[in-house]
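Student: curious how this folds, go ahead:
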Amino acid sequence: MEPGHEDRADHVVARLGDGEHAKGAMSLVPPDVADDPDKLRAVRDKLDAQQHQRKQDEQTVEGIARASGMSDG
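Tutor: Next up is the predicted model:
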């Protein structure tokens, strides 16, 4: 284990399911979160929001690249 990650030694992988933007999401969470559907839903919603933001950012960057003539497509 990498030094500095000892506090996560007891974490478990939780299947979060599908959100609107993130599909098949999984996350390393503390056991108490893994046992609480509401907390898992909150983790999935946060990941889903981050994935949505990434897609928006990617579209913005692609638009800038096209406008500046740096795009392949």
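Student: so which residue of this protein lies furthest out from the middle?
Tutor: The C-alpha centroid of the chain is most remote from residue 69, which lies 31.0 Å away (Cα atoms, centre = their mean).
Student: mind listing what it touches?
Tutor: By Cβ atoms under 8 Å, 6 or more residues apart in numbering, no residues touch residue 69. Using the backbone N, CA and C atoms, a C-beta is placed for each residue, glycine as well.
Student: mind checking the SS state of it?
Tutor: Using DSSP: H, G, I helix; E, B strand; the rest coil, the structure places residue 69 in coil.
Student: show the pLDDT at it.
Tutor: For residue 69, the model assigns a pLDDT of 88.
Student: one more: residue 66?
Tutor: Model confidence at residue 66, expressed as pLDDT, equals 92.
Student: that one sits in which helix or strand?
Tutor: helix 37-67 (DSSP states H and E).
Student: now residue 13
Tutor: Using DSSP H and E, residue 13 falls in strand 12-17.
Student: that strand: which residues count as buried?
Tutor: Within strand 12-17, the residues scored as buried using 16 or more other Cβ atoms under 10 Å are 14, 16.
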